[in-house]
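**Student:** Dropping the sequence and predicted coords here.
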Amino acid sequence: MGHIIAVVGGKGGVGKSVFAANLAIAYQLNFKQRSLILDLDFQSLGDQNIILGLNPPKNIVELTKTQVPQWDPKTLAPFMMNTPQGYSFIAAPREAAIARDIDLDGLGKFLKAASTIFPWVVVDCGNGTEPQAMKALEQATVVFVVTTPDVIVLNQTRRVMSKIQELMFPQEMVQVVVNRFSPNNAVNPQIIQKNLGKVPFFVIPDETSTCDGALAKSQPFTLSAPAAPISRSYSDLVRKIDQTKMLDQLAKLNKPTGTVQKLQVVQGGAQASSASGEGGPGARSKSGVIDPWTSMKLRVHKALIDVVDMKKMGDSNDPKQREVLREKTQKAILDVLNKEDLSTLCPTRELRAQLVKEVLDEALGLGPLEDLLADDSVTEIMVNARDQIYIEQGGRPGLSKVTFSSEQQMMNVIERIVTPLGRRVDEKTPYVDARLHDGSRVHVIIPPLALRGPTITIRKFPKKRIMASDLVKFGSMTDEIADFLRACVEAKLNIVVSGGTGSGKTTLLNVLSNFIPASERIITVEDAAELQLGQDHVVRLETRPKNIEGEGEVSIRDLIKCCLRMRPDRIVVGECRGGEALDMLSAMNTGHSGSLTTVHANNPRESLGRLETLVMMAGMGLPLKAIRETISSAVNLIIQQSRMSDGTRKVTYISEVIGMQGEIVTLQDIFVYKQEGLDKNRKIVGRFVPTGFIPKFVEEMEAKGMKISRGLFAVK
């Protein structure tokens, strides 16, 4: 059996590809045995062709997609160039589009066969984290990580080595080679060892002129200049590998196996498929008995307390500090696991990687919620109890497979959410509104109010800012309605977005806010900052709860009063749910036109009643008629947002507040959504129709030079 030697570069430009080519050729020259150079660096397509001066007609992608009973020199001949110098070469494709079509299963079968045909197969693996490179690492005997004596390169090299270690490859398998070293370098091998935590296996001297000359001729320097010091150093390297019997010893290591797809587990991507065997993460016990998987995680957590002091690592809101903390914690987890016998609990590499990820997520992140937050298809996460987590996908709720291991783990996650915001949750204050780093809204309520244990509800914040065109694409409105609402916002109408819980009020408010001209000064007031405005001239204000002494509370009412002194052109209040409604209406009536807010209500008429109730909560003792007159003069437009039975969100009414008729505030619908039935997939079928009523404010808009087509309001 031969050996597969994987070559990885921590950073571009370290000479990794040159090293791979000359290493294979030095082996052939010294031991007179044919070696194979395989190019799997799909980030630098074709570099090996230039280094070797070869241009094979076929490439590795074509090889992996070819079905043969067995790979041997004869079946390999069409895909491989055999050079007169005694080495063979299989190239990477020259185009990225072709590279993406590689058959990873076919690659795995070829690599397994190649080690029976060639004594040495040197694989150029790029940065080592691409799927095709991971296939090579799985079957490699040794991984040479090439670095240079440069501080920035060493930092990147350390990251690559940590990633390989994180994937549970044996530490002995990874060997460091220092390229382009000069005695005059300030970064000496001792500094390199200190930075990488590993003694360099070999140091290659810096000989730029020889390397550049060889590249200019498209010929490896071990062939073009065999007497050069750098060529002799490669001979010394392959002899050292042979004399120390390194490859034979490393071949005996119990290297983990697994599919490339499991790399997503440690990259924070999709959740690994559930394990069904005993001791896997799918074997969680719900009877109160701690299963081996959870027991292992608890032991690692306990060991982490002695190694990593989370509170002394700096502000968790600082991305750099979070990155440092994550790296240190990950290394501590791996050090603990290396002392454990994982052969029964985690027999495969993917299970070990999942264990590392779960412990890391629980130590620094939001535990089992991390995968749900990373899944773009999940819009809401509802934790009813530690072992019951529901998620919303496509507008419909469903039970998730993930669970928390304990209520204490849930409380740790809750603390991690609220502490950076200066908020708290305990028996004295058993509920709290908060937000995540990405802006997602979080509500937490704990015992004694929550009888089944801590309850967490997360309304996820979209990674991409939703625009009016997106709502049109979702079927929430039409292009004509979007243009009409844009004109209303630009004309500085006071708009109230009405809707039930989860109907999409905040999303619609955000879309309307982005219609505001960039030249205007916008001040937003929210309980938990959610709005994502695209303008630059924006001031964001957020409420503050009481401190532990019951003092220091800053309410939405306080912030609205403050923002009136901040020269706002527009005031956007995330939601009116109390006495702040009076302050908002007063601002609308006193020169701050174009303001926007939301209220909870099921239709436009109910939203007026809701506003009346909220104004009464201000405690000013105003008569009902005065309240209604204030509402009728302040509010111009009510937009009703509804969540339909099929989970879709739509604008169901756009109504104008006309004025007072006696003691009643009068409304007139401009557009309504007319439901016409269900299709074969039980999706609602309907259309947006105008009522034929032309709003009074259209004349005012036209007087300002805005063009509104009267045909928009015609009944069709």
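**Tutor:** Sure, I can see it.

**Student:** In which helix or strand does residue 676 reside?
**Tutor:** Secondary structure assignment for residue 676, by DSSP states H and E: strand 664-678.

**Student:** Parallel or antiparallel, list what pairs with that strand.
**Tutor:** strand 649-661 (antiparallel), strand 684-690 (antiparallel) (DSSP bridges).

**Student:** So what touches it?
**Tutor:** Strand 664-678 is contacted from outside by 481, 484, 604-605, 608, 628, 631-632, 638, 642, 644, 646, 650-660, 684-691, 693, 695, 713, using CB atoms under 8 Å, 6 or more residues apart in numbering. In this view, the C-beta of every residue, glycine as well, is placed from N, C-alpha and C.

**Student:** Let me see the mean pLDDT of that strand.
**Tutor:** Throughout strand 664-678, pLDDT has a mean value of 91.

**Student:** Show me where the stretch 151-300 of the chain has its helices.
**Tutor:** Remark: helices assigned in the stretch 151-300 of the chain by DSSP state H, counting those that start in this stretch are 151-166, 189-196, 208-217, 221-224, 229-243, 246-250, 263-266, 292-307.

**Student:** same thing with the stretch 501-650 of the chain?
**Tutor:** Using DSSP H, counting those that start in this stretch, helices in the stretch 501-650 of the chain cover 505-513, 556-563, 580-589, 604-616, 624-634.

**Student:** got the buried residues for the host helix or strand of residue 336?
**Tutor:** Assessed by DSSP H and E, residue 336 sits inside helix 319-338. Buried positions in helix 319-338, judged by neighbour count with 16 or more other CB atoms under 10 Å: 322, 325, 328, 329, 330, 331, 332, 333, 334, 336, 337.

**Student:** got the phi/psi numbers for residue 438?
**Tutor:** The phi and psi torsions at residue 438 (degrees, to the nearest 10) take the values phi -90, psi 0.

**Student:** I figured it hits residue 465, correct?
**Tutor:** No: if you go by CB atoms under 8 Å, residue 438 and residue 465 don't touch, sitting 12.0 Å apart.

**Student:** Would you mind finding the most buried of the strands paired with strand 664-678?
**Tutor:** A comparison of the strands paired with strand 664-678 by mean neighbour count, using mean count of other CB atoms under 10 Å, puts strand 649-661 on top with a mean of 20.

**Student:** quick check: angle from that strand to helix 604-616?
**Tutor:** Here the directions of strand 649-661 and helix 604-616 differ by 70 degrees (axes from the mean of the first three to the mean of the last three CA atoms, to 10 degrees).

**Student:** distance between strand 649-661 and the chain's centre?
**Tutor:** Relative to its parent chain, strand 649-661 has a centroid offset of 39 Å by CA atoms, centre = their mean, to the nearest Å.

**Student:** mean confidence score for that strand?
**Tutor:** Throughout strand 649-661, pLDDT has a mean value of 92.

**Student:** quick one on the thing from earlier: relative to helix 624-634, how tilted is the strand holding residue 676?
**Tutor:** Interaxial angle, strand 664-678 versus helix 624-634 (the same axes, to 10 degrees): 60 degrees.

**Student:** Check what contacts stretch 29-37 and list those residues.
**Tutor:** With CB under 8 Å, 6+ apart, stretch 29-37 has contacts from 20-21, 24-25, 27-28, 48, 52, 80, 82, 86-90, 114, 117-122, 124, 222, 226, 235, 238-239, 242.

**Student:** end-to-end on it?
**Tutor:** One end of stretch 29-37 to the other measures 14 Å (CA to CA, to the nearest Å).

**Student:** What of stretch 402-411?
**Tutor:** Terminal residues of stretch 402-411 lie 17 Å apart, using CA to CA.

**Student:** And for residue 379, the neighbour number?
**Tutor:** Applying other CB atoms under 10 Å, we find 18 residues neighbouring residue 379.

**Student:** Let me fix that, I meant to ask about residue 703.
**Tutor:** When neighbours are counted by other CB under 10 Å, residue 703 registers 8.

**Student:** From here on, call the first residue 20.
**Tutor:** With the count now opening at 20, the last piece we talked about shows up as residue 722.

**Student:** give me the low-pLDDT residue ranges for the protein?
**Tutor:** Applying pLDDT under 70 to the chain flags the ranges 273-314, 316-318, 320-338, 341, 360-366, 368, 381, 567-569.

**Student:** Quick check on residue 445: phi, psi?
**Tutor:** Main-chain dihedrals, residue 445, degrees, to the nearest 10: phi -160, psi -170.

**Student:** Give me the distance between it and residue 579.
**Tutor:** Residue 445 sits 29 Å away from residue 579, going by CB to CB, to the nearest Å.

**Student:** leaving aside the residues next to it on the chain, what's closest to residue 692?
**Tutor:** residue 671 (4.4 Å; CB to CB, 6 or more residues apart in numbering).

**Student:** That neighbour: what's it in contact with?
**Tutor:** Counting by CB under 8 Å, 6+ apart, residue 671 makes contact with 622, 659, 660, 661, 691, 692.

**Student:** farthest-separated two in those residues?
**Tutor:** The span of the contacts of residue 671, defined through CB to CB, is set by 660 and 691 at 13.1 Å.

**Student:** between the two, which one's more packed in?
**Tutor:** A direct count of neighbours by other CB under 10 Å for residue 660 and residue 691 places residue 660 higher, at 24 against 18.
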